[in-house]
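Trainee: Provided below are the primary sequence and the corresponding predicted coordinates.
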Amino acid sequence: MGQVTPEQLGRVLGALPGTPRVVASGNGALPRTLLTVLDTSLAAYRLFVLNAGPGVPQREGVVHETCFVGPGVRRSPQLRYVPARLSLVPRLFSTTLPPDVVLLNVAPLHDGRYSMGAEVNILAAAVEACRARGGIIVAQVNAAMPWTYGDGLLAPEDLDYVVETDEPLGHAHGTESDEASRLIGGLVADRVVDGSTIQLGIGLVPDATLPGLTRRSGLVVWSEMFSDGVLALDRAGALDPAAPVTASFLLGSDELLAWADRNPRVQLLRTEQTNSPARIATQRAMTSINTALQVDLFGQANASRVGGRIHSGFGGQTDFIVGALHSPGGQAIMALRSWHPKADASSIVAMVDEPVTSFQHSVVVTEQGVAPMFGHDEREQATNLIDNAAHPDVREELREEAVALGLA
């Protein structure tokens, strides 16, 4: 390991041949200092970041490769979306997307090791694949990064170059809940029993589900990610104190980062572990809570595309739906509004006109009610969606569409 200045690192990166592929920490852990050095040192490169936020380089010569599109690259003409379930992304680094450089944002040394902190995710696999082909591993050691336990620990000799920084992490942007989200959240919370294992992400519906979950006991968190909601559950005594909070990354407030720092109850594992459907299926009463842009009368969900353009990607939705359905007592909940305020359109449609992200959910929940899905024949599914989940303004139209589709 060599500690270097940004200028020295720039000379190393500038000497790379061809158009190198660079994998960098994503979500709230974007290594902005290292990306600035990279961008000023190379005329052209390929950049792989999951859920890239504002701050990633945007110019001719920079190709953005990703399996989950973030707001920082969503409209980029240089975007190259690679469809893949999150549990399978690590395989790409040893096959079709081999990295030449990995840029990490890590916590300072503790007990002789660095920690990937808030973002383990697919990075452990990227480091291994890069090292196997003789690539370069670079870390910015960041005083703002929490030191977390799990699969993101690195010995000094695992890193080729280190740059010292003190750079704030990205935070989740909370939104004010409204009546519809509170109704959905209450219906979702009613389906979660004491002792359940939960996958709960970020956004209006998960936030609105929390008040109901704080009244539960013995809950376990096994999730792709978690945010400040876990703090609320912990303070309310709703979590099983003997079970770790397990995820592959976290995204939230400074308070959440401080709580996670050197907290042995927090275990951040590599994506191959957290998102493995087989491991998810072993969790007790696994309850996955996901959302979508549209659900059709066949129970298919589109959570990835808007108007023919990629909006996000598969993420871990399919991983957790499959795992939850195989868990004893598990369930896969699809929660969404019945009506899109911005698009001024129904979210329950006759048939999705975009590629399908997932299907076979246990139930679909909107502010209108709960539509049972799994285990019902396709006609019953369509009827349940129309009567219990669709907005009243479109129910008659959907009934006509159901007849045309042979679902009535």
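Mentor: Noted; the coordinates are in hand. Residues are numbered from 1 along each chain as shown.

Trainee: okay, now the unreliable bits of this protein?
Mentor: For the chain, the stretches with pLDDT under 70 are 1, 173-176.

Trainee: now with 80?
Mentor: 1, 172-177, 201-203 (pLDDT under 80).

Trainee: ok, residues contacting the helix ranked longest in it?
Mentor: The helix that spans the most residues within the chain, counting by DSSP state H, is helix 179-190. For helix 179-190, contacts defined as CB atoms under 8 Å, 6 or more residues apart in numbering pick out 177, 204-213, 289, 333, 335-338, 365-367, 369-370. Where C-beta positions appear, they are placed from N, C-alpha and C, glycine not excepted.

Trainee: next one: stretch 254-266
Mentor: Identification of contacts with stretch 254-266 by CB under 8 Å, 6+ apart yields 107, 110, 118, 144-150, 169, 171, 227-228, 230-231, 234, 244-245, 250.

Trainee: among these, name the ones in strands.
Mentor: Under the assignment DSSP state E, those contribute Ala107, His110, Tyr149, Gly150, Val245, Leu250 to strands.

Trainee: report the buried residues of the longest helix of the chain.
Mentor: For helix 179-190, a neighbour-count test (16 or more other CB atoms under 10 Å) marks Ala180, Ser181, Arg182, Leu183, Ile184, Gly185, Leu187, Val188, Ala189 as buried.

Trainee: can I get those in CSV with distance to Glu255?
Mentor: CSV is the format used below for the buried residues of helix 179-190 (distance: CB to CB, whole Å):
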residue, distance to Glu255
Ala180, 28
Ser181, 23
Arg182, 23
Leu183, 28
Ile184, 26
Gly185, 22
Leu187, 29
Val188, 25
Ala189, 23
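
Trainee: does Val192 touch Ala324 like I think?
Mentor: No - here Val192 does not reach Ala324: they are 11.9 Å apart, not a contact under CB atoms under 8 Å.

Trainee: common neighbours of these two, please.
Mentor: Thr287.

Trainee: which one of the two has more residues nearby?
Mentor: A direct count of neighbours by other CB atoms under 10 Å for Val192 and Ala324 places Ala324 higher, at 28 against 23.

Trainee: please report the distance of the more buried one from Arg215.
Mentor: For Ala324, the distance to Arg215 (CB to CB, to the nearest Å) stands at 22 Å.

Trainee: all helices of the chain, in order?
Mentor: Assigned helices in the chain, in chain order: 6-14, 32-41, 89-92, 123-132, 179-190, 204-213, 229-235, 254-260, 271-274, 277-281, 317-326, 378-384, 395-404 (criterion: DSSP H).

Trainee: and for the second one, what's in contact with it?
Mentor: Same thing as helix 32-41. So helix 32-41 is contacted by 6, 9-11, 13-14, 22, 24, 45, 47, 55-57, 59, 62, 101, 103, 105, 138, 140, 163, 165, 167 (CB under 8 Å, 6+ apart).

Trainee: let's see it at 6 Å
Mentor: With CB atoms under 6 Å, 6 or more residues apart in numbering as the test, helix 32-41 has contacts from Pro6, Leu9, Gly10, Leu13, Gly14, Gly55, Pro57, Leu103, Gln140, Thr165, Glu167.

Trainee: among those, which two are most distant?
Mentor: Gly14 and Glu167 (22.1 Å; CB to CB).

Trainee: tally of neighbours for the closest residue to Ala236 other than its chain neighbours?
Mentor: Excluding the flanking residues, the one nearest Ala236 by CB to CB, 6 or more residues apart in numbering is Thr214, at 3.7 Å. Neighbours of Thr214 under the rule other CB under 10 Å: 17.

Trainee: surely Thr214 meets Asp234?
Mentor: No - the pair Thr214 / Asp234 is not scored as a contact, 9.9 Å apart, by CB atoms under 6 Å.

Trainee: what's the domain layout of this structure?
Mentor: As recorded under automatic domain parsing, the domains making up the chain are 2-165, 179-404.

Trainee: distance between the shortest one and the chain's centre?
Mentor: From the chain centre to the centre of domain 2-165 is a distance of 17 Å (CA atoms, centre = their mean, to the nearest Å).

Trainee: start to end distance for it?
Mentor: Start-to-end span of domain 2-165 (CA to CA, to the nearest Å) is 15 Å.

Trainee: residue numbering should commence at 34 henceforth.
Mentor: Right, with 34 as the first residue, what we last looked at is domain 35-198.

Trainee: run a quick neighbour tally on Pro374.
Mentor: Neighbour count for Pro374, taken as other CB under 10 Å: 9.

Trainee: er, His424 actually
Mentor: 18.

Trainee: surely Ser120 touches Asn308?
Mentor: Yes - under the criterion of CB under 6 Å, Ser120 makes contact with Asn308 at 3.8 Å.

Trainee: what number of residues lie near Ser309?
Mentor: Using other CB under 10 Å, Ser309 is surrounded by 16 other residues.
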